[in-house]
Structures are given as C-alpha cells and as structure tokens.
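Q: Build me a structure from this.
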Amino acid sequence: MRIRIVALSILLLVSAGCSELLNVLQTTANVPLTEEEVVKGLKEALSIGARNSAEKLGAEDGYFGDPAVRILLPEEARVIADNISRIPGGEQLIGDVILRINRAAEDAAKEAAPIFVNSITSMTVSDAFNILRGADNAATAYLKSTTYDALLSLYKPKITGSTEKKIVAGISTKDSWLALTGKWNSFANTIPGKLAGFKPVNTDLDEYLTRKALEGIFSKVEMEELKIRKEVEARVTPLLQRVFGYQEVNKM
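A: The predicted structure is shown next:
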C-alpha cells in the first residue's frame, strides 16, 4: 500500500513537472516577436542566403556545372548555334564561349556577397513583417525589387573585368565571343547570308552576362530562403530559430 502511495506521488509530481514544462514552452513560443527581432531576423536570413549563394556560384563550375543557372548563348545568338556548320571551327568556338562566359560569371560571383549584404539596408518594419507573412520567396522578391538596379550597376564592372581577363593562352572570354560573332557576322553579311535571311549578332556580352549572372544569384538566394523557411536545421542562428520558429507556430 505504501509503495502504491509513493508511486502515485511520483507520478503526480512528474505529471505536474511535464505540464509546467509544456506551459513554459508554449509561453515561449507565443511571446510576440519584437519589431527589432523581425527586422534583424529577415536581414540575417537575406545575408546568409546571399553569402551561401555567392560562395556556391563563385566556385569552379558554380555556374557551368549547374544546369539550373548555366549561362548559354544570348537568344540573339541562337542562330549561330543553329547554323554552326557554316562557320569554320564553329562548334569548338561555341563550346569555348559558353565555358568562358560561365567562368567569367563564377569569377565575379566571388565578390558578390558584400554587394548583396551592403544593399540590405532599407528594410522597414512593415516590409519585414510583410516578408515574414508572405510567400516562400517574399524576401528574395523584396531584395530583387529594391536592389536589382543598384546591383546591376555595381556588378557589371566586375563582369567586364572578368570577361576581359586573359584566362587561357592569353585569350579572354570577350576575345572568344568576338571571334565567334565576328566569323558569324562576316558570313551573315555576304550575299548568300543575306539571301538566307541571316542577321549579324551584336549583343552586348557584358550586359547580357551581368543580367544572367544576377538571375542565377537571385535563383540561389530564393533556394536558400526556402530552406530557412522550411528546414529547421537551416536556421543556423538563435535569431533565425526564434523568428521563423515563431512564425511557424503562430501562423502570422
């Protein structure tokens, strides 16, 4: 009988302890986020996403080895690929240009993170709460809408520097591009080329490459944002755990 009483007492104490613990956890989960936490949390998430994206894309084959972001010839230049047999050594030139433009993007991406991080400065409290409550890509969409033009201006000189850098055998990405389009344009301007309806290709490689490179980075940032929103292990700081954990529990 005494043993039963003791066991019952222990059970009651344990039950009471569990109930108290649950109450503490529930209370913690329901403690409203402060404005400062939300703003700092969203900026931290964007900064982490940007750094991770730049690191991945800045590695060798970061662009070229990833079909989702690999940069191909500009749309205007597709006519070259479709008629490559008309250009002496054309197939080799195309392969060389595609590899080199991706290498140029990878080279520029190595310095992209600071540009992104420095641009995450104008987020208001209202913006932060809208992002937290928004779609899974809301933070990326906000970052793109508020920083794209500035990033384009800041990023293009890096791309230009990369395309003009002598990479292999004293040849730059721009050299390869000009060799390819030069041969094509010479053919397109001949009488047979004009009769076939072919037109010269005059795409600004640096502008095209800059836009495609930024598209790739924003794509990666979006993937990083989705991880932070959906995967607890991706929330690598206490603040991210607090902000996104609260949002999950309370469905803000």
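
Q: any idea which element the residue lying closest to Val31 once chain neighbours are set aside lies in?
A: If the residues on either side of it in the chain are set aside, Val31 comes closest to Tyr246, at 7.8 Å by Cβ to Cβ, 6 or more residues apart in numbering. Placement of C-beta: from N, CA and C, glycine included. Assessed by DSSP states H and E, Tyr246 sits inside helix 238-250.

Q: Now that helix: buried residues?
A: Buried residues in helix 238-250, counted by 16 or more other Cβ atoms under 10 Å: 239-240, 242-244, 246-247.

Q: same deal with stretch 93-105?
A: 93-94, 96-105.

Q: With stretch 152-167 instead?
A: Buried residues in stretch 152-167 (16+ other Cβ under 10 Å): 154-156, 158-160, 162-163, 167.

Q: Sitting in helices, which of those residues do you find?
A: Cross-referencing the buried residues of stretch 152-167 against helices under DSSP state H gives 154-156, 158-160, 162-163.

Q: Relative to Ala109, which of the buried residues of helix 238-250 is nearest.
A: Comparing the buried residues of helix 238-250 against Ala109 with Cβ to Cβ places Leu240 closest, at 23.6 Å.

Q: Next, the contact list for that closest one, please.
A: Residues near Leu240 by Cβ atoms under 8 Å, 6 or more residues apart in numbering: 41, 44-45, 48, 228.

Q: again, but for Ile94
A: 73, 80-81, 84, 180.

Q: helix or strand for it, which one?
A: Element membership of Ile94, judged by DSSP H and E, is helix 90-109.

Q: mean confidence score for that helix?
A: Throughout helix 90-109, pLDDT has a mean value of 81.

Q: Now the element after it, going C-ward?
A: Downstream of helix 90-109, the first helix or strand assigned by DSSP H and E is helix 112-119.

Q: Okay, buried residues for that following helix please.
A: Neighbour-count burial for helix 112-119 flags 112-113, 115-117, 119 (criterion: 16+ other Cβ under 10 Å).

Q: Measure how buried Ser145 is and give me the count.
A: Residues lying near Ser145 (other Cβ atoms under 10 Å) number 9.

Q: Need the pLDDT of it.
A: pLDDT, Ser145: 85.

Q: next one: Ala141
A: 91.

Q: now do Leu11
A: Here, the pLDDT recorded for Leu11 equals 39.

Q: Show the end-to-end separation of stretch 56-76, please.
A: 29 Å (Cα to Cα, to the nearest Å).

Q: Please read the previous query as pertaining to stretch 227-243.
A: End residues of stretch 227-243 are separated by 14 Å (Cα to Cα).

Q: pretty sure the residue nearest to Val31 is touching Gly41, no?
A: No. Shown here, Tyr246 and Gly41 do not form a contact pair, counting by Cβ atoms under 8 Å, at 9.3 Å.

Q: what's the overlap in contacts for these two?
A: With Cβ under 8 Å, 6+ apart as the test, Tyr246 and Gly41 both reach Leu33.

Q: Inside strands: which ones of the contacts of Ile94?
A: Among the contacts of Ile94, DSSP state E puts none in strands.

Q: and of the residues you listed, the nearest to Met123?
A: Looking across these and measuring by Cβ to Cβ, the closest to Met123 is Leu73, at 36.9 Å.
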